[in-house]
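>>> got a structure for you, letters missing:
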Ligand SMILES: C[S@@+](CC[C@H](N)C(=O)[O-])C[C@H]1O[C@@H](n2cnc3c(N)ncnc32)[C@H](O)[C@@H]1O
């Protein structure tokens, strides 16, 4: 009989093997995600699929791609909303976009955008400032299922009430209902908001960026990564921002201890908006 300590050690080995199996079979690298949160998610999937050990989950991952899709959805937590943290979007409206509004062309990347509510929020702000036509928005996520939903732009109608409140708290003065069409129990985002958005699956762990962006929004994603991966991803962002470009992360996240933090100055401390100032860590110097 093994002791509880040995059991725990075995399970942490199994979790590592699970991550190797996912990497070798499907190419997704979860090894630098926060292990406590990953373990919780794997356990939830095991309970939902009536599996009693992580080894059984490894077997299912290797032999059943549908099971892997479920696990991938569990591991990539997709909670989001329109005008999430209204004060953040008020800062984007009042402080960030006015600095860029004079440019002939604007490039914005939403990394880890989940089902896209955050991206359509940005499109509304750009539209209201009269610069949507000059913008190109890259909307990406590791999870191809959620990015497909993002590109559809169809959301449950019952959420529109709280999104309208969020919109107003973020400084919106128009009728929020003008941005969607009600269709049975769905709200369909109007096509003029979609036309400059490119949706793509993209993995921040392994894929390259899209070149010089004016704004990168990556909110509530870094929190799932360990310090080493946060370092690499913030470096990816600094390599893909134009000088003076903005990096926006979640209000519970920080770039302060990452290696590329010296490349940025704080623009809005509370809303975690940083400005890319110089190339201290990359070959761009
Ligand atoms: C909690 S949601 C955040 C959604 C949105 N940014 C917001 O703040 O409302 C986190 C998203 O990050 C995505 N994600 C996790 N790991 C990723 C990675 N390696 N590359 C790209 N996206 C990732 C997940 O699939 C999920 O959709």
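Thanks, I have the structure now. From a predicted model like this one, the values you see are computed outputs, not experimental measurements.
>>> by contact count, what packs against the longest strand anywhere in the chain?
Longest strand of the chain, by residue count under DSSP state E: strand 241-249. Packing contacts for strand 241-249, counted by 3 or more CB pairs under 8 Å, 6 or more residues apart in numbering; DSSP states H and E, involve strand 213-218, helix 227-239, strand 273-276. Glycine gets a C-beta too; all of them are placed from N, C-alpha and C.
>>> cutoff 7 Å now
For strand 241-249, the elements it packs on are strand 213-218, strand 273-276, judged by 3 or more CB pairs under 7 Å, 6 or more residues apart in numbering; DSSP states H and E.
>>> and this protein, which of its residues are near the ligand?
76-80, 84, 112-114, 118, 141-143, 146, 203-205, 219-221, 224, 250 (CB under 6 Å from any ligand atom).
>>> give me the low-pLDDT residue ranges for the stretch 151-285 of the chain?
Counting by pLDDT under 70, the stretch 151-285 of the chain shows low-confidence ranges at 278-285.
>>> how about the helices of it, start to end?
160-169, 191-194, 227-239 (DSSP state H, counting those that start in this stretch).
>>> so for residue 44, which of the helices and strands packed on strand 241-249 sits nearest?
strand 213-218 (24.8 Å; CB to CB).
>>> each with direction, which strands does that closest one pair with?
strand 106-111 (parallel), strand 241-249 (parallel) (DSSP bridges).
>>> would you mind giving those as a markdown table with mean neighbour count added?
As requested, these are arranged in a markdown table below (neighbours: other CB atoms under 10 Å):
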| stretch | mean neighbour count |
| --- | --- |
| strand 106-111 | 24 |
| strand 241-249 | 21 |
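>>> of those, which is nearest residue 35?
strand 241-249 (21.2 Å).
>>> the inter-axis angle of that closest one versus helix 227-239?
Strand 241-249 and helix 227-239 are oriented at 140 degrees to each other (axes from the mean of the first three to the mean of the last three CA atoms, to 10 degrees).
>>> coming back round to it: out of the helices of the stretch 151-285 of the chain, which is the most enclosed?
Stretch with highest mean neighbour count among the helices of the stretch 151-285 of the chain: helix 227-239 (a mean of 20; mean count of other CB atoms under 10 Å).
>>> so what touches that helix?
Helix 227-239 is contacted from outside by 32, 204-205, 209, 216, 218, 222, 225, 247, 255, 258-260, 263, 276, 281-282, using CB atoms under 7 Å, 6 or more residues apart in numbering.
>>> quick one: it to chain centroid distance?
14 Å (CA atoms, centre = their mean, to the nearest Å).
>>> try stretch 148-165
The answer for stretch 148-165 is 17 Å, by CA atoms, centre = their mean.
>>> quote the end-to-end distance of that stretch.
27 Å (CA to CA, to the nearest Å).
>>> state the mean pLDDT of the host helix or strand of residue 99.
Assigned by DSSP states H and E, residue 99 falls within helix 97-100. In this model, helix 97-100 carries a mean pLDDT of 97.
>>> surely residue 248 touches residue 276?
No. Taking contacts as CB atoms under 7 Å, residue 248 lies outside contact range of residue 276: 11.5 Å.
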